[in-house]
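> only geometry, no sequence info:
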Ligand SMILES: Nc1nc2c(ncn2[C@@H]2O[C@H](COP(=O)(O)OP(=O)(O)OP(=O)(O)O)[C@@H](O)[C@H]2O)c(=O)[nH]1
Ligand SMILES: [Zn+2]
């Protein structure tokens with residue numbers, strides 16, 4: 001393998017079968033390996049470790065090969081979009097070789113197309129709406145939205161008639177299967193979700209957005225890998241970083257797009273997360289006030305909550321209303 005030279009196109013090798021996700025042919029996934037390697041790094045053991053730091057002994061075999069001439073950063077963006085570990089094996093090639101591979105039918109994508117998609121504000125499409133009687137409100141409705149860029153499935157639970165209110169209460173909640181459904185004690189998501197539903201029903205109406213952003217946007221599998229690293233002593237952010245992800249991979253533009261589609265541009269936000277507040281302003285939703293949505297630690301999630309406060313600037317305070325604008 002020649003020295004890496006950015007003036008050359010880059011060939012990405014990945015094991016597994018390419019997956020067609022509609023407008024882009026993305027490729028796989030679990031078995032994509034390291035990125036920008038020197039020849040001496042091409043040792044299978046090392047590649048495995050790079051691809052999955054939580055399972056260094058896991059034996060992966062390089063099966064079928066998909067090849068895509070593209071820039072390394074674009075490749076990493078694509079891996080992230082499919083919620084894979086952002087680890088790729090990139091092989092330098094020449095323009096001629098890249099052309100031959102494209103002619104041989106390997107999936108390919110224009111780097112500019114990927115960049116254009118990532119730079120657009122997220123757009124959503126309303127797919128369907130139905131009534132959903134729930135314990136807190138027998139007249140609740142639920143609407144499904146698909147994120148156009150990533151195919152994500154996002155929900156808006158509507159209680160009462162939020163449009164009739166000048167700044168209805170809104171909870172923007174990222175999915176947490178382990179917390180919301182199983183009652184995991186590692187985080188505070190379950191109690192936050194259920195408290196939000198109760199509160200909004202008590203207030204006579206509002207919206208809960210349930211976003212397809214499991215694990216702060218890294219997906220459930222990667223969140224479980226992150227838990228394993230946390231068992232080994234890392235905190236929630238260090239674990240994300242070790243897996244190749246930023247602290248928080250979410251984009252709340254999608255939440256703003258759903259609120260606009262629902263006809264809501266002024267809200268009272270139930271959250272302790274300053275990024276959610278800032279993102280609403282950035283994407284054209286006025287947060288008239290923020291209501292603290294703090295759940296006390298449970299003895300297991302103390303370090304997690306502490307990290308969110310100290311490292312992510314999360315507000316920790318007793319329930320109350322703070323005017324933000
Ligand atoms: N990657 C990762 N995700 C986690 C971890 N613990 C919880 N999560 C995810 O973090 C997200 C928490 O989402 P939210 O409750 O909407 O948001 P928040 O950022 O805590 O902000 P507020 O609750 O609004 O104050 C969910 O998607 C969880 O699945 C973890 O240790 N690692
Ligand atoms: Zn959670």
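Happy to help now that I have it. Since the model is a prediction, treat every value here as computed from it, not as a measurement. Ligands and ions are numbered 1, 2, ... in the order given.

> So the residue of the stretch 1-150 of the chain found nearest ligand 1: helix, strand or coil?
The minimum distance from the stretch 1-150 of the chain to ligand 1, using C-beta to the nearest ligand atom, falls at residue 83 (10.8 Å). To be clear about C-beta, it is placed using only N, CA and C from the backbone, and glycine gets the same treatment. State at residue 83, reduced to three classes by DSSP: H, G, I helix; E, B strand; the rest coil: coil.

> which residues touch it?
217, 218, 219, 221, 222 (C-beta atoms under 8 Å, 6 or more residues apart in numbering).

> Kindly report the same for residue 216.
Counting by C-beta under 8 Å, 6+ apart, residue 216 has contacts 174, 223, 240, 247, 248, 249, 250.

> And for residue 155?
142, 143, 144, 145, 209, 210.

> Help me confirm that it is found in a strand?
Yes - counting by three-state DSSP, residue 155 is located in a strand.

> confidence score at it?
We note a pLDDT of 98 for residue 155 in this prediction.

> so what's it closest to, chain neighbours aside?
The shortest distance from residue 155 to any non-neighbouring residue, by C-beta to C-beta, 6 or more residues apart in numbering, is to residue 210 (4.2 Å).

> Mind telling me what element the one you found is part of?
Taking DSSP states H and E as the definition, residue 210 sits inside strand 206-211.

> Strand partners (parallel or antiparallel) of that strand?
strand 153-159 (antiparallel), strand 169-174 (parallel) (DSSP bridges).

> Let me have those strands in JSON lines, extended by distance to residue 258.
Putting the strands paired with strand 206-211 into JSON lines (distance: least, C-beta to C-beta, whole Å) gives the following:
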{"stretch": "strand 153-159", "distance to residue 258": "6"}
{"stretch": "strand 169-174", "distance to residue 258": "9"}
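
> about what we covered before: wait, which of the contacts of residue 155 is closest to residue 100?
Set against residue 100, the nearest of the contacts of residue 155 by C-beta to C-beta is residue 145 (42.1 Å).

> The strand or helix carrying the closest one vs strand 153-159, what angle?
Using DSSP H and E, residue 145 sits in strand 141-147. Orientation check (axes from the mean of the first three to the mean of the last three C-alpha atoms, to 10 degrees): strand 141-147 against strand 153-159 gives 150 degrees.

> just checking, which of the contacts of residue 216 belong to helices?
If you go by DSSP state H, the contacts of residue 216 have 223, 240 in helices.

> Using the three-state scheme, assign residue 221.
helix.

> What residues does it make contact with?
residue 83 are the contacts of residue 221 under C-beta under 8 Å, 6+ apart.

> any idea how far it lies from residue 309?
27 Å (C-beta to C-beta, to the nearest Å).

> Ok, residue 174 next?
For residue 174 relative to residue 309 (C-beta to C-beta), the value is 18 Å.

> follow-up on the earlier one: avg pLDDT for the strand holding residue 210?
98.

> Would you mind pulling the contact partners of it?
In contact with strand 206-211 (C-beta under 8 Å, 6+ apart) are residues 152, 154-160, 162, 165, 168-175, 193, 196-197, 200, 250, 254-255, 258-259, 262, 264, 268.

> Pull out the buried residues from it.
Residues of strand 206-211 classed as buried: 206, 207, 208, 209, 210, 211 (neighbour count, 16 or more other C-beta atoms under 10 Å).

> I'd like these laid out as JSON lines, including distance to ligand 2.
As requested, the buried residues of strand 206-211 are exported to JSON lines (distance: C-beta to the ion, whole Å):
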{"residue": "206", "distance to ligand 2": "21"}
{"residue": "207", "distance to ligand 2": "20"}
{"residue": "208", "distance to ligand 2": "15"}
{"residue": "209", "distance to ligand 2": "16"}
{"residue": "210", "distance to ligand 2": "13"}
{"residue": "211", "distance to ligand 2": "13"}
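
> Make TSV out of the residues you listed and add distance to ligand 1.
What follows is the buried residues of strand 206-211, written out as TSV (distance: C-beta to the nearest ligand atom, whole Å):
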residue	distance to ligand 1
206	14
207	14
208	11
209	9
210	9
211	7
